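> Sharing a model prediction with you, sequence too.
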Amino acid sequence: MQPSPIGLPVEELDTPALLLDLEVLEENVERVAEYHKCRHIQWRPHAKGFKSPAIAHMLKRAGAIGVTVAKVSEAEVMAAAGIDDILIAHLVVGDQKTSRLAALQRQSQVKVTVDHADQIEPMAEAARNAGVTIGALVDMDLGLERCGVRSVEEAVTLASLVAQTPGLRFEGIMGYEGHTHLIPDQSSKREEITRAIAYLANVRGAVEASGLTCRIVSAGGSGSYQFTANLPGVTETQAGGGIFACRYYTQVCRVEGLTPALSVLATVVSRPTPQRAVLDIGLKSISNHHVMPALRDYENCLVIKLAAEHAVIEVGAGEDFPIGKKLAVTPGYSDLTFMLHDRVIGHRWNKVETVWPLLGRGMLQ
């Protein structure tokens, strides 16, 4: 068991260490929560990236209605920690998973998504065997070409089948406009998101015209919520990782108004040349997904290469990075950085205030 670092100055921490600036995080959370409140839309942040029930509870206190997760095992972690409204935005297939999903209903309202008739009866049977009812949403393909039903007619048929199957309860529809996140031109991005959400709204209208109540229309991620939350028809977004404002969201997805809160503390371990330094972090502790990490306090110094355990830095003119110096590095992508660590260390005014175990790490089933 690692000793508690609470009370230590950040610069005394051993490295690599995953850090959260609590003051910045709280400001980001407040901005995202207020963005949803002002638009009268609910917020169900995706927890697959941060994997911490403590952070999930922080978001609930700020106004989130619950969380989204990717796997049954993540739902089990969140339910055990007292999160009482959970959506599994993935497909639950297999006897073990459906049985566990059914058992979870006595701890929390754990809803699931479906996109094929063959998924329905096994899940319903598990629910009936456990004496519970499982809420289900029909997943729509909005252009990502991953999972999801691809036509209005299929959606209506599948929604009706869910509603007619004992053990299941039809809750609504879900769609993810993730294919829009990397569109660089913001006008084009807005147009494509508008098109995708309009299609989702049309599906809702058709489902309700068939006589069903479509209580939930869930969409939006951190890379798109600032457009999606402004569009009619959506009842909730799943924006989660944006609260950490990693470089993927701020530089690639162009999310505005949020400040980087997450960093990995690293130590300079080598100075091969005056222009090059090497840190004790690499792909085993920080992500370069879509965009390289960046030194938080040195804009003229670049991370130019990541190996498994090394980060190579191009040192800018006039900077002195002696061996032993500690540096904060903003990740390329927060989701793929959290998964590399067992805990995240929260600090305020440069002193450690809390340590949150990442209990959802490794929950892949």
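It's in.
> mind saving the C-alpha coords of stretch 46-56 as PDB?
Extracted as PDB, the C-alpha positions of stretch 46-56 are listed here (Å, rounded to 0.1, in the frame of the first residue of the first chain):
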ATOM      1  CA  HIS A  46     -19.300   9.600 -18.900                       C
ATOM      2  CA  ALA A  47     -17.100   8.000 -16.200                       C
ATOM      3  CA  LYS A  48     -15.300   5.500 -18.400                       C
ATOM      4  CA  GLY A  49     -12.400   7.900 -18.600                       C
ATOM      5  CA  PHE A  50     -11.900   9.100 -15.000                       C
ATOM      6  CA  LYS A  51     -12.900   5.800 -13.300                       C
ATOM      7  CA  SER A  52     -13.400   7.400  -9.900                       C
ATOM      8  CA  PRO A  53     -16.600   7.200  -7.800                       C
ATOM      9  CA  ALA A  54     -15.300  10.200  -5.800                       C
ATOM     10  CA  ILE A  55     -15.200  12.300  -9.000                       C
ATOM     11  CA  ALA A  56     -18.700  11.000  -9.900                       C
END
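> Need the single longest helix in the chain, by residues.
When the chain is parsed with DSSP state H, its longest helix is helix 186-209.
> Who does whichever helix or strand comes after it pair with, and is each partner parallel or antiparallel?
Downstream of helix 186-209, the next assigned helix or strand under DSSP states H and E is strand 216-219. Note on strand 216-219: by DSSP bridges, its sheet partners are strand 168-175 (parallel), strand 236-237 (parallel).
> before we move on, the earlier item: just list what the longest helix of the chain packs against, helices and strands only.
Helix 186-209 sits against strand 134-140, helix 152-164, strand 168-175, strand 216-219, helix 225-228, with contacts defined as 3 or more CB pairs under 8 Å, 6 or more residues apart in numbering; DSSP states H and E. In this view, the C-beta of every residue, glycine as well, is placed from N, C-alpha and C.
> Which one of the strands paired with strand 216-219 lies nearest to F321?
Nearest to F321 among the strands paired with strand 216-219 is strand 236-237 (40.8 Å), distances taken as CB to CB.
> Show the low-confidence segments of the stretch 201-350 of the chain, by residue range.
Applying pLDDT under 70 to the stretch 201-350 of the chain flags no residue at all.
> What ranges does it have for its strands?
216-219, 236-237, 262-273, 276-279, 294-295, 302-306, 311-314, 326-330, 343-348 (DSSP state E, counting those that start in this stretch).
> From the chain's centroid, how far away is the second one?
With CA atoms, centre = their mean, to the nearest Å as the basis, the distance from the averaged C-alpha position of strand 236-237 to the chain average is 13 Å.
> Mind checking what helix or strand follows that strand in sequence?
helix 247.
> Contacts for that next one next, please.
With contact meaning CB atoms under 8 Å, 6 or more residues apart in numbering, helix 247 is reached by P260, V291, M292, P293, A294, T330, P331, G332, Y333.
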